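Engineer: Sequence and predicted structure are below.
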Amino acid sequence: MLVELRALQDILRLAPQDYLRWSDSLAIPASHACLRHLLRIKQIDLLIDVGANRGQFARLARQVGYTGEIASVEPLSRYHPDLRAAAAADGRWRIFPMAAGSENTARDLNVAANDVFSSLYPISEAGRARFGAQMAVGSVERVQVRTLDSLWPEISGGTPRRVLLKTDTQGHDLEVLGGATQVLGSTHALMTEASIQNIYAGTPRFFEVATWLESRGFALSGVFPMSHRAEDLALIEVDAFFTRPLSAAASPVPTV
């Protein structure tokens, strides 16, 4: 972590007046520290990485010391060869080439110019104003959608697990959680990217996601700002970590 802080210092000292870069960067080491501590304290043995993209979160988990199993769920086909190669080299990492959601179906995925913004939902005006051409849709890909519960026997291997569930699905996170009743029953920590201002139309905001999770026994562990509006530094997105207190860990998770 100290190495990461030194690297961030080197980046920011070269741009002392770039207030947007400072605001969007300073919380990153704290977010990584929260991940490290939750993985250790909760004795996680299975990381479910929904919205894996190129595998950045899985690699981060390895960097902060996690040695358990990883299951990455990612629908965009251009990522699959590299993900499979990384998983094969890792040995404890499996790839599920699909989207997760609240039902088993098929959906159109809007593939953005900057593909980290690829989403099942259309861009909002706030998203267009902040990220511009990066969010422009260059193509549409038909993708398979599965509930995490339908994948759970394969992901878990049919044995009791201690899960950290990460979901970063560009506005689709409540749908992912809605299809994960069984998975949430084994989930001891959770991380989701959540919007304070919607950059996709018709998607839930952070407060809605947090209320949903708290009603199911999770407690907020940390909120780390990830992006801000350029003109006034209003917060746009956060990485939010949740933990399941010991008193709630044995309780069944209610259905949606």
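Structural biologist: Yes, it's here.

Engineer: what residue ranges in the stretch 1-150 of the chain are flagged as low confidence?
Structural biologist: 1-24 (pLDDT under 70).

Engineer: And the strands in it, which stretches?
Structural biologist: 46-50, 69-73, 93-96, 99-100, 105-112, 137-146 (DSSP state E, counting those that start in this stretch).

Engineer: Using CSV, lay out these together with distance to residue 245 and mean neighbour count.
Structural biologist: Where you see a C-beta, it was placed from the backbone N, CA and C, and this is true even at glycine. Formatted as CSV, the strands of the stretch 1-150 of the chain follow (distance: least, Cβ to Cβ, whole Å; neighbours: other Cβ atoms under 10 Å):
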stretch, distance to residue 245, mean neighbour count
strand 46-50, 20, 26
strand 69-73, 24, 24
strand 93-96, 29, 21
strand 99-100, 25, 26
strand 105-112, 34, 16
strand 137-146, 30, 14
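
Engineer: Nearest to residue 171 among those would be which one?
Structural biologist: For residue 171, the closest of the strands of the stretch 1-150 of the chain is strand 105-112, at 10.7 Å, according to Cβ to Cβ.

Engineer: What angle do strand 137-146 and the closest one make with each other?
Structural biologist: 150 degrees (axes from the mean of the first three to the mean of the last three Cα atoms, to 10 degrees).

Engineer: Show which residues not belonging to strand 105-112 make contact with it.
Structural biologist: Strand 105-112 is contacted from outside by 75-76, 99, 101, 118-122, 134-145, using Cβ atoms under 8 Å, 6 or more residues apart in numbering.

Engineer: got it, and stretch 85-101?
Structural biologist: 50, 52, 55, 58-59, 62, 67-75, 77, 80, 83-84, 107, 109, 120, 143-148, 151, 155, 167, 169, 172, 175-176, 178-180.

Engineer: Correct me if wrong: residue 116 contacts residue 52.
Structural biologist: No. In this structure, residue 116 is not within contact of residue 52 by Cβ atoms under 8 Å, at 11.4 Å.

Engineer: Who has more neighbours out of those two?
Structural biologist: Neighbours around residue 116 and residue 52, counted as other Cβ atoms under 10 Å, are more numerous at residue 52. The numbers are 28 against 15.

Engineer: circling back: tell me which of the strands of the stretch 1-150 of the chain sits nearest to residue 224.
Structural biologist: Once the strands of the stretch 1-150 of the chain are compared by Cβ to Cβ, strand 46-50 is nearest, at 17.7 Å.

Engineer: got a list of contacts for that closest one?
Structural biologist: Applying Cβ under 8 Å, 6+ apart, the external contacts of strand 46-50 come out as 39, 55, 57-58, 61, 66, 68-73, 100, 148, 155-156, 161-169, 176, 183, 186.

Engineer: How about stretch 195-206?
Structural biologist: Counting by Cβ under 8 Å, 6+ apart, 117, 119, 121-124, 126-127, 130-131, 135, 170-174, 194, 223, 229, 234-238, 240 sit against stretch 195-206.

Engineer: Repeat the analysis, applying 6 Å as the threshold.
Structural biologist: 119, 121, 122, 124, 126, 127, 171, 174, 194, 235, 236, 237 (Cβ atoms under 6 Å, 6 or more residues apart in numbering).

Engineer: next one: it to chain centre, how far?
Structural biologist: Distance, stretch centre to chain centre, for stretch 195-206: 15 Å (Cα atoms, centre = their mean, to the nearest Å).

Engineer: and it, how far apart are its ends?
Structural biologist: Taking Cα to Cα, to the nearest Å, stretch 195-206 runs 5 Å from one end to the other.

Engineer: Ok, stretch 127-135 next?
Structural biologist: Chord length of stretch 127-135, first to last residue, is 8 Å (Cα to Cα).

Engineer: Tell me the buried residues in that stretch?
Structural biologist: 127, 130, 131, 135 (16 or more other Cβ atoms under 10 Å).

Engineer: Then stretch 31-40?
Structural biologist: 31, 32, 33, 34, 35, 36, 37, 38, 39.

Engineer: Distance check, the fifth one against residue 222.
Structural biologist: Between residue 35 and residue 222 the computed distance is 9 Å (Cβ to Cβ, to the nearest Å).
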